[in-house]
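J.: From the sequence below, what's the structure:
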Amino acid sequence: MAEIAQVKEPKPYPQDVHNIELPGKSLLLVGTAHVSKESADLVRTVIEQEKPDCVCVELDEKRYEALSSKKRWESLDLKQIIKKKQLSTLVVNLILASYQKKLGAQLGVTPGLELLEATKAAKELDIPVSLCDREVRVTLRRAWRATSFFKKNYLIATLFASLFDKTEISEEKINELKSKDVLSELLEELGEALPQLKEVIIDERDTFLSEKIKQSQGKRIVAIVGAGHVEGIKKALTQDRQKDMARINTIPPVSPVWKFLGWSIPALIIGSIAFIALNKGSAIAGENIIYWILANGIPSAVGALIALAHPLTIVGAFAAAPVTSLTPVVGAGYVTAFLQVMLMPPVVKEFETVLDDMGSLKGWWNNKLLKVFMAFLLPGFGSMIGTWIGGVEIVSNLF
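T.: Model (predicted):
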């Protein structure tokens, strides 16, 4: 186990800067708030004064690109995101970004400014930058898999509720947030109901960040991380956790139980219709097939209609739901989202205003990108309802 010696903090720096000696490395660990101008100023000051061999930041490639690229939306291929079944990840990313932007607006600063400022200062001084955070897609997928079935609904409701919360932040709260990691604040708001989230979003990333910092090149390192990670990283630096890296950087496979349930329901429906055909005749079986089509197609189409999707998307929802309900490979929502993107593609301006538009009900229906999300969520929810209604009716006809 590696030993670290805590050195007395340099006088010019506040208590947010932690001076740590590692074997062969000298590290300045800077804890920041992700919506604080003071943090951004501190980060630049430390880098310019220390001129380290490497600057480590709590970013992955995707988040860095999102922060630094003004034209990032132009390269976003929604069709590919839908094909890869990453649309739900994008929705959650945008909800979290909207939450941070709302806090940032009240604090008068762009979320993530201090991380971007760190990379800018490093490049100006020709210092290598190391992006040390775990890929955000892996973090979100692991968090979702770690959340129990019943608490997933609580998580979704909490995330969406945060979009429409218009409560003004008090001056006391503002001062608290300026010295705190916003992600930690969000986790505290979720409370003790979802302890699995803290393990994935904070504890695992403490391990990931600490190991990446130790692997960074050079002997003098400055690392910029959210304040909520500082204590965890300091503890992780004293231990060899390299053996955990492969596990925490992998998206867990779907449970065999869910795979079984995913295929058993279609098998039950198809088997029931076949049994009805053999024992009660093809006419009765045909009536059950028609019932299945209507039970799935109508709720899914209504979902697309509520989203004010393109007329052909609504038709597509009706046609796709009865088929996609019989296979866990693809859901009706992915079909309708793809149709909506093809028929009413969002323009760049709507990508740029999406974080603001998410905060109002009107925005969800006016922004074409948010309409894609609704064309994904609502028909899928309608199809799920239709599957249970149709399934119960068809199985009951066996007797």
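J.: Tell me how far the helix ranked longest in the chain lies from the chain's centre.
T.: In the chain, assigned by DSSP state H, the helix with the most residues is helix 368-396. In this view, helix 368-396 has its centroid 22 Å away from the chain centroid, taken as CA atoms, centre = their mean, to the nearest Å.
J.: now swap in stretch 260-277 and tell me
T.: On CA atoms, centre = their mean, the centre of stretch 260-277 falls 34 Å from that of its chain.
J.: pull the CA atoms of it into PDB?
T.: Output of stretch 260-277 as PDB, limited to C-alpha atoms (Å, rounded to 0.1, in the frame of the first residue of the first chain):
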ATOM      1  CA  PHE A 260     -35.700 -14.400 -19.300                       C
ATOM      2  CA  LEU A 261     -38.600 -12.000 -18.600                       C
ATOM      3  CA  GLY A 262     -37.900 -10.100 -21.700                       C
ATOM      4  CA  TRP A 263     -38.300 -13.200 -23.900                       C
ATOM      5  CA  SER A 264     -40.900 -15.000 -21.700                       C
ATOM      6  CA  ILE A 265     -43.600 -12.400 -22.200                       C
ATOM      7  CA  PRO A 266     -43.500 -12.500 -26.000                       C
ATOM      8  CA  ALA A 267     -43.300 -16.300 -25.800                       C
ATOM      9  CA  LEU A 268     -46.300 -16.400 -23.500                       C
ATOM     10  CA  ILE A 269     -48.400 -14.200 -25.900                       C
ATOM     11  CA  ILE A 270     -47.400 -16.000 -29.100                       C
ATOM     12  CA  GLY A 271     -47.900 -19.400 -27.400                       C
ATOM     13  CA  SER A 272     -51.300 -18.400 -26.000                       C
ATOM     14  CA  ILE A 273     -52.500 -17.300 -29.500                       C
ATOM     15  CA  ALA A 274     -51.200 -20.600 -31.000                       C
ATOM     16  CA  PHE A 275     -53.000 -22.500 -28.200                       C
ATOM     17  CA  ILE A 276     -56.200 -20.600 -28.800                       C
ATOM     18  CA  ALA A 277     -56.000 -21.300 -32.600                       C
END
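J.: tell me the SS of Cys133?
T.: Wrong residue type there; residue 133 is Asp, not Cys. Under the three-state scheme (DSSP: H, G, I helix; E, B strand; the rest coil), Asp133 adopts coil.
J.: start the count at 618, not 1, going forward
T.: From this message on, residue numbering opens at 618, which makes the last subject Asp750.
J.: That one and Asp677 touch, don't they?
T.: Yes: here Asp750 lies in contact with Asp677, judged by CB atoms under 8 Å, at a distance of 4.6 Å. (C-beta placed from N, C-alpha, C; glycine too.)
J.: Which one of these two is surrounded by more residues?
T.: A direct count of neighbours by other CB atoms under 10 Å for Asp750 and Asp677 places Asp750 higher, at 23 against 19.
J.: mind listing what the more buried one touches?
T.: Shown in contact with Asp750 (CB atoms under 8 Å, 6 or more residues apart in numbering): Val674, Glu675, Leu676, Asp677, Arg680, Arg822, Phe825, Leu826, Lys829.
J.: show me what contacts the fourth one?
T.: Which is Asp677. Applying CB under 8 Å, 6+ apart to Asp677 gives the contacts Leu748, Asp750, Arg751, Glu752, Val753.
J.: and the helix or strand harbouring Ala735, what other elements does it pack with?
T.: Using DSSP states H and E, Ala735 maps to helix 730-741. Judged by 3 or more CB pairs under 8 Å, 6 or more residues apart in numbering; DSSP states H and E, helix 730-741 is in contact with helix 654-667, strand 671-674, helix 678-685, strand 746-748, strand 837-843.
J.: Give me the angle between that helix and strand 837-843.
T.: Angle, helix 730-741 to strand 837-843, by axes from the mean of the first three to the mean of the last three CA atoms, to 10 degrees: 160 degrees.
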